[in-house]
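# Predicted model and sequence follow; I will ask about them next.
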Amino acid sequence: MNETNTLKNPYTAISNNKIEEIKTVAEKKRYRVAIYCRLSQEDRNKKNKEDESESIKNQKIMLTEYANSNEDWDIVGTFVDEDWAGMNQDRPNYNKVLELAERGEVDIVLCKSLNRFTRDSIVVEQYVLEKFKEWNVRFIGLVDNTDTALKGNRKSIQINGLTNQWYIEDMSDSIKSALDIKRNKGEYIGSVPLYGYLKDPNKKGHLIIDPVASKVVKQIFSLYNQGMGKTSIARELNNQGIPNPTEYKRQQGIAYKTPPNKLGTQWKYFSISDILGNEMYKGNMVQGKYGSVSFRTKKNKPRPKDKWFIVEGTHEAIIDIDLWNSVQSKRNNNYKPYKGGKIGVFAQKCKCEYCGYTMKSCKSHNDRYLRCPTRQVNKSDCIGSFISEERLKKTVLRELNLLIKQYLNVEQLEESIILKRVRSEKEQLQEEISQYEGNINKYSKALKDLFMQKVNGHITEEEFISLSTELRKDKETIEQQLIQKKDKLLELSNEQETIKSKKELLKQYINVTELSREMVDNLIEYIEVGQKDPKTHKKTIKIHWKI
Ligand SMILES: [Zn+2]
């Protein structure tokens with residue numbers, strides 16, 4: 001007999017070797033758990049069959065996960081009654097669970113909440129409190145904290161939390177755990193799909209490719225891969241008259257109404273940057289980057305990456321893996337340092353104008369040069385480019401000073417407009433958020449009042465159920481909207497920070513006389529170097545700025 005069996009059948013174990021086995025049994029008793037799921041009254045309003053089975057599916061997952069998290073529990077069966085309307089005698093699996101309990105074949109009956117198990121209060125009294133106790137079976141309602149094993153719980157079952165907020169907590173916790181379950185399974189729960197995708201009308205939580213926006217995403221990746229900078233890409237898209245994601249979604253009628261001023265509809269450095277690093281485009285579902293710490297504090301904060309919900313291969317990729325990898329390696333440039341560990345000022349930043357390969361550093365006498373690596377390997381493959389580091393430094397520095405002068409003049413104007421827009425959007429959102437929060441409080445209070453009316457006999461059980469179902473639905477909707485508003489607010493705050501830091505970045509380079517690696521890194525995407533023009537004797541140097 002193997003060990004698991006020994007533990008599962010304590011009585012056989014005792015007869016084998018009394019002292020030792022009794023000890024084991026006492027320490028490691030295992031519990032047989034029956035899981036019971038059914039649709040509740042609130043599911044009655046669900047639109048279609050799919051939504052119904054969704055609710056059952058979520059219950060099953062949640063209860064199974066909970067049972068599995070208890071090491072000494074063994075699930076003996078999952079029992080489901082699909083029909084919410086059935087009276088007790090029409091719920092075959094409900095009766096099966098009761099039979100198992102009576103015959104002593106289960107130790108624990110696990111259910112989402114007491115009202116999932118039975119709505120009839122006399123039945124609650126009779127079975128859950130008396131019979132289960134008599135049969136030595138423990139009843140657990142996961143989200144309403146019903147547990148017959150806890151002392152004093154009889155009373156709390158009877159008054160059903162009327163004096164406190166269990167109902168409200170049940171609601172928010174069930175929403176939260178249901179959402180987390182969806183996220184864990186890689187189902188998209190956002191109300192607005194990520195730019196480049198659409199919600200699949202045939203499958204809830206599934207994303208399909210948006211034929212229009214996905215082309216823009218592809219263009220962004222491929223331009224960047226060809227060596228174009230993020231700002232240049234943004235400029236290129238603006239020149240093509242392509243609206244930015246927010247404006248695009250507004251035009252499609254699937255997102256918030258942003259005041260459509262011109263700047264708000266344009267592509268910016270950070271929108272390109274976000275897209276280039278978003279794993280969603282290679283087919284992975286990434287959710288939960290921001291989240292509330294708890295439902296009570298209502299604070300939405302960025303979450304550490306190990307808390308994100310990442311599920312691979314949930315939807316069709318817009319960017320194939322080769323392009324993705326190539327772009328990511330360009331984003332995290334790996335520099336080869338010189339002997340002695342110093343990184344060259346232009347390392348990985350210069351390209352041969354003719355073959356496009358990254359120019360390599362070499363040393364001649366005491367000067368450093370950059371040269372085309374292709375020509376180095378085979379003279380016939382490229383006519384080659386060559387430049388002294390010192391000369392390139394001087395050129396870049398001169399251009400940088402010119403650029404700063406121009407940029408700060410123009411940009412000061414533009415920035416103040418953007419910042420003003422961001423500020424007013426933020427204010428508006430904050431106002432909306434406090435409105436939503438106020439409404440949620442009203443609903444909570446209304447639910448509580450409804451309870452009191454039920455307790456005092458002013459309304460019937462049926463009225464209570466139908467009214468509270470409605471209230472809960474509305475409240476749920478508002479809570480979802482609130483989460484979206486908070487996400488948007490966070491987005492705006494990040495935007496504000498980006499603008500500010502960009503300005504600071506430029507300011508620190510005013511009147512610099514020496515070019516450093518850090519500056520090149522911060523300011524320059526790459527430089528194209530060509531050959532001397534035989535007529536003008538001038539070398540072509542194209543600097544692709546990040547700003
Ligand atoms: Zn070359």
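Nice, thanks for sending it over.
# How about the residues of this protein by the ion?
352, 354-355, 372, 374, 382 (CB under 5 Å from the ion). (C-beta placed from N, C-alpha, C; glycine too.)
# if I pick F221, what's in contact with it?
Applying CB atoms under 8 Å, 6 or more residues apart in numbering, we find F221 in contact with 275-276, 281, 319, 323-324, 327.
# er, Y36 actually
With CB under 8 Å, 6+ apart, Y36 has these contacts: 78-80, 93-94, 97, 109-111, 116-117.
# let's see 7 Å
Each residue near Y36 by CB atoms under 7 Å, 6 or more residues apart in numbering is listed here: 79, 94, 97, 109, 111, 117.
# where's the dip in pLDDT among the residues you listed?
In terms of pLDDT, F117 ranks lowest among these, with 69.
# For the stretch 151-300 of the chain, which residue gets nearest to the ion?
Of all residues in the stretch 151-300 of the chain, G227 sits closest to the ion, at 13.7 Å by CB to the ion.
# count of neighbours near that residue?
Counted by other CB atoms under 10 Å, the residues lying close to G227 total 15.
# so what's it closest to, chain neighbours aside?
Nearest residue to G227 in three dimensions, chain neighbours excluded: Y526, at 5.5 Å (CB to CB, 6 or more residues apart in numbering).
# Emit the ChimeraX select command for whichever of the residues of the chain next to the ion are buried.
Entered in ChimeraX, the line below selects the buried ones among the residues of the chain next to the ion, by 16 or more other CB atoms under 10 Å:
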select :352,354,355,372,374,382
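# returning to what we had before: next one: phi and psi at the residue nearest to G227?
Note on Y526: backbone dihedrals following degrees, to the nearest 10 are phi -170, psi 170.
# my read: it touches Q226, true?
No - counting by CB atoms under 7 Å, Y526 does not reach Q226; the two are 10.5 Å apart.
# of the two, who's got more company?
Y526 (22 against 9).
# Does that one have any beta-bridge partners, and if so which?
Beta-bridge partners recorded for Y526 (DSSP bridges): H544.
# hmm, back to that, which two in the contacts of F221 are spaced the farthest apart?
Greatest spacing in the contacts of F221, by CB to CB: I275 and L323 (12.9 Å).
# Looking at these two, which is more packed in?
Taking other CB under 10 Å, I275 and L323 do not tie; I275 has more neighbours (24 against 18).
# The stretch 251-400 of the chain: helices as residue ranges?
269-276, 321-331, 373-377, 389-455 (DSSP state H, counting those that start in this stretch).
# Quick check: buried residues in the third one?
To tie it back to what came earlier, the one meant is helix 373-377. Under the neighbour-count criterion of 16+ other CB under 10 Å, helix 373-377 has 373-375 buried.
# helices or strands up against it?
Under the contact criterion of 3 or more CB pairs under 7 Å, 6 or more residues apart in numbering; DSSP states H and E, helix 373-377 touches no helix or strand at all.
# How about residues contacting that helix?
Helix 373-377 is contacted from outside by 352, 355, 357, 359-360, 381-382, 384, using CB under 7 Å, 6+ apart.
# how does it look with 8 Å?
For helix 373-377, contacts defined as CB under 8 Å, 6+ apart pick out 352, 355, 357-360, 381-384.
# From the residues you listed, pick the one nearest L482.
Looking across these and measuring by CB to CB, the closest to L482 is T358, at 48.7 Å.
# Now do the contacts for the closest one.
T358 makes contact with 348, 350-351, 373, according to CB under 8 Å, 6+ apart.
# Out of the residues you listed, grab the one that's most surrounded.
Ranking these using other CB under 10 Å puts C350 first, with 27 neighbours.
# Tally up the residues packed near the nearest residue to it once chain neighbours are set aside, please.
Closest residue in space to C350, ignoring its immediate chain neighbours: M359 at 4.2 Å, by CB to CB, 6+ apart. Residues near M359, counting by other CB under 10 Å, number 30.
# So M359 is in contact with S385, correct?
Yes - under the criterion of CB atoms under 8 Å, M359 makes contact with S385 at 6.8 Å.
# what touches both of those two?
Residues touching both M359 and S385 (CB under 8 Å, 6+ apart): 352, 371-372, 529.
# And those residues, which two are furthest apart?
Within these, R371 and V529 form the most distant pair, 9.2 Å apart (CB to CB).
# What number of residues are in the vicinity of the closest residue to I208 other than its chain neighbours?
Of all residues not flanking I208 in the chain, D200 sits nearest, at 4.7 Å (CB to CB, 6+ apart). Residues near D200, counting by other CB under 10 Å, number 14.
# check contacts around D200.
Residues in contact with D200 (CB under 8 Å, 6+ apart) are 206-208.
# now the shared contacts of M359 and S385 in JSON lines, with distance to Y269 and pLDDT?
Output for the shared contacts of M359 and S385, formatted as JSON lines (distance: CB to CB, whole Å; pLDDT from 0 to 100):
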{"residue": "C352", "distance to Y269": "27", "pLDDT": "88"}
{"residue": "R371", "distance to Y269": "31", "pLDDT": "89"}
{"residue": "C372", "distance to Y269": "30", "pLDDT": "87"}
{"residue": "V529", "distance to Y269": "25", "pLDDT": "91"}
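# Keep only those of those residues that are in strands.
Judged by DSSP state E, the subset of those located in strands is 352, 371, 529.
# Return the closest of these with respect to N511.
The closest of those to N511 turns out to be V529 (CB to CB; 26.3 Å).
# For that closest one, give its distance to R375.
Separation of V529 from R375 (CB to CB, to the nearest Å): 12 Å.
# and for those two, which residues touch both?
Common neighbours of V529 and R375 (CB under 8 Å, 6+ apart) are C352.
# what's the closest non-adjacent residue to E399?
Nearest residue to E399, sequence neighbours excluded (CB to CB, 6+ apart): I543, at 5.7 Å.
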